[in-house]
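Trainee: okay, here's the prediction I keep looking at, along with the sequence it came from:
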Amino acid sequence: MGIDKRIIPLAIGGLGIGTTEFTVMGLLPDIAKSLQISIPEAGHLISAYALGVVIGAPLLIGYSVKFAPKKVLIALMMIFTIFNALSAIAPDYTLMLVIRFLSGLPHGAFFGVGTVVAARMAGKGKEAFYISLMFTGLTIANLAMVPLVTYIGHTFHWRWYFAIVGVIGLFALLFLKLWLPAMETNQDTHFMEELKFLKKKQAWLVLMITAIGFGGLFTWFSYITPLMTVVSGIKESHMAYVMILAGAGMVVGNLVGGYLSDRLSPEKTCALLLFLMMISLTGVFLLSEYQNVSLTLTFICGALSMSVAAPINIMMMKAAPKSEMMAAAFMQAAFNIANAMGAFLGGIPLEKGYSYNYPSLVGVVMTFIGLIIAVRYKYVYGSQSPDENMDVECVTCDK
């Protein structure tokens, strides 16, 4: 059975978003030198993008829920493409900082709308798998595009990185126009109505699982280079291959997570994956000095880092059946909070002088807390089925 071509435009959009979000980390020295700033100042470009994601997700969703999802996705990808293209020609640091913030605005909203659209196209029993197909673009970005574009940026000029992302955005726009089906939305909803799901404890539990539990893996990923080079003894020149290994894990884990979620239930899958995260991070802490074991754990942790995306998004859609797009956008904000929290908390033992395997020990604690919340969620809400009265209906989704 071939891949449903209607999901491909969303995956291409995810490819562009993943490429722009993660490539910049490997090109910070090049950008800093070119713009005559320090590397920590260049790091603010990452923070500016993340801030744009957190702010843009609820705002853009809130003001676009009355429009057809296809038009919204095209508009969001247009914003993304324009500002990434402008990043390629930004003349100075201040303007670049502003443009990176604006580039981040459509990120969460695109995945928020895309998650609901993917679930609608899937049909009963395949929702999580279709969502995982959308996120395949994000995982392929980490597997292939980030190493490739980083190489191009190092070899030629970092501005080519943003130009390539702009080209990916143009392809996404083309295929959104050609292949994404038309859908209707609820014309009676408004911004405050969309935010009502935040009054539900169920929704907050899902956000906490994401921000805390998923944040545990970012304690590992944020410091993977010094962990592998200092503790595991990998040559720094071989780190590109290590990142490809982690990216391959992400591709596999993303699809497996969607498959398991449709078979076991999102709640069971989420709890299982958090348990496996805790065990894997324990392995990283205890066994990273053994190079082959460390490489195996790199693949496993990479797989687990994306495997939770589909089930946790389905859980949020169940928790907010009348505000699916806004809830999915908040999930993107929660993932970015997980990123920031994992990097910050994971850095604390390093500041105290401990080895680079200790951030993963912090991750064990975070994933354990996430697991406790997930088990509680499963016990209280696991038997509930999603509300059949959804806000978005697919009107041209013939299989």
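Mentor: That came in fine, so what should we check first?
Trainee: how about low-confidence regions in the stretch 251-399 of the chain?
Mentor: Confidence mapping of the stretch 251-399 of the chain against pLDDT under 70 gives the ranges 383-399.
Trainee: try it again at 50.
Mentor: Along the stretch 251-399 of the chain, the model assigns pLDDT under 50 to residues 385-399.
Trainee: what segments of it are helices?
Mentor: 266-287, 291-307, 309-319, 324-351, 358-381 (DSSP state H, counting those that start in this stretch).
Trainee: closest to residue 58 out of these?
Mentor: helix 324-351 (5.6 Å; CB to CB). All C-beta atoms are positioned from the backbone trio N, CA, C, and that covers glycine.
Trainee: the closest one: which residues count as buried?
Mentor: 324-343, 345-346, 349 (16 or more other CB atoms under 10 Å).
Trainee: repeat that for stretch 37-51.
Mentor: Going by 16+ other CB under 10 Å, stretch 37-51 has these buried residues: 37, 42, 43, 44, 45, 46, 48, 49, 50, 51.
Trainee: now stretch 138-158
Mentor: Result for stretch 138-158 [16+ other CB under 10 Å]: buried residues 138-150, 152-153, 158.
Trainee: now for residue 100: which residues touch it?
Mentor: 45, 48, 49, 52, 87 (CB atoms under 8 Å, 6 or more residues apart in numbering).
Trainee: that one in helix, strand or coil?
Mentor: Secondary structure for residue 100, judged by DSSP: H, G, I helix; E, B strand; the rest coil, is helix.
Trainee: what distance do you get for it to residue 222?
Mentor: Look at residue 100 and residue 222: by CB to CB, to the nearest Å, they are 19 Å apart.
Trainee: highest mean neighbour count out of the helices of the stretch 251-399 of the chain?
Mentor: Most buried of the helices of the stretch 251-399 of the chain, by mean neighbour count (mean count of other CB atoms under 10 Å): helix 309-319, with a mean of 28.
Trainee: and that one, what other elements does it pack with?
Mentor: helix 93-122, helix 127-140, helix 201-208, helix 239-264, helix 266-287, helix 324-351, helix 358-381 (3 or more CB pairs under 8 Å, 6 or more residues apart in numbering; DSSP states H and E).
Trainee: contacts only, for residue 88.
Mentor: Neighbour list for residue 88: 159, 160, 161, 162, 163, 166 [criterion: CB under 8 Å, 6+ apart].
Trainee: picking that back up, what is the nearest of the contacts of residue 100 to residue 366?
Mentor: Set against residue 366, the nearest of the contacts of residue 100 by CB to CB is residue 49 (23.2 Å).
Trainee: I figured that closest one hits residue 102, correct?
Mentor: No. Using CB atoms under 8 Å, residue 49 makes no contact with residue 102, being 9.4 Å away.
Trainee: okay, and the common contacts of the two?
Mentor: Counting by CB under 8 Å, 6+ apart, nothing touches both residue 49 and residue 102.
Trainee: what helices and strands are in contact with the helix or strand containing residue 165?
Mentor: Element membership of residue 165, judged by DSSP states H and E, is helix 159-179. With contacts defined as 3+ CB pairs under 8 Å, 6+ apart, helix 159-179 has these neighbours: helix 8-26, helix 69-87, helix 146-155.
Trainee: that helix to helix 69-87, inter-axis angle?
Mentor: For helix 159-179 against helix 69-87, the angle by axes from the mean of the first three to the mean of the last three CA atoms, to 10 degrees is 160 degrees.
Trainee: tilt between helix 159-179 and helix 8-26?
Mentor: Using the same axes, to 10 degrees, helix 159-179 lies at 170 degrees relative to helix 8-26.
Trainee: just give the nearest non-adjacent residue to residue 348, would you?
Mentor: In this structure, residue 348 finds its nearest non-sequential neighbour in residue 362, 7.0 Å apart by CB to CB, 6 or more residues apart in numbering.
Trainee: report the separation between that neighbour and residue 176.
Mentor: 40 Å.
Trainee: what of residue 287?
Mentor: 45 Å.
Trainee: now residue 241
Mentor: From residue 241 to residue 176 the distance is 34 Å (CB to CB).
Trainee: these two: who's more crowded?
Mentor: Set residue 241 next to residue 176 and count neighbours by other CB atoms under 10 Å: residue 176 wins out with 22 against 13.
Trainee: contacts only, for the more buried one.
Mentor: If you count contacts by CB under 8 Å, 6+ apart, then residue 176 has 9, 13, 70, 73, 74, 77 around it.
Trainee: what do you get for residue 382?
Mentor: 265, 267, 268.
Trainee: got the contact list for the closest residue to residue 164 other than its chain neighbours?
Mentor: Excluding the flanking residues, the one nearest residue 164 by CB to CB, 6+ apart is residue 149, at 5.5 Å. Residue 149 sits next to 19, 23, 160, 161, 164, 165 when contact means CB under 8 Å, 6+ apart.
Trainee: contact partners for the third one?
Mentor: It stands for residue 160. 88, 149, 152, 153.
Trainee: distance of the first one relative to residue 38?
Mentor: Distance, residue 88 to residue 38, by CB to CB: 22 Å.
Trainee: for residue 280, same thing?
Mentor: On the measure of CB to CB, residue 280 and residue 38 end up 35 Å apart.
Trainee: check residue 270 too.
Mentor: 40 Å.
Trainee: would you confirm that residue 211 contacts residue 340?
Mentor: No. Counting by CB under 8 Å, residue 211 sits too far from residue 340 to count as a contact (9.3 Å).
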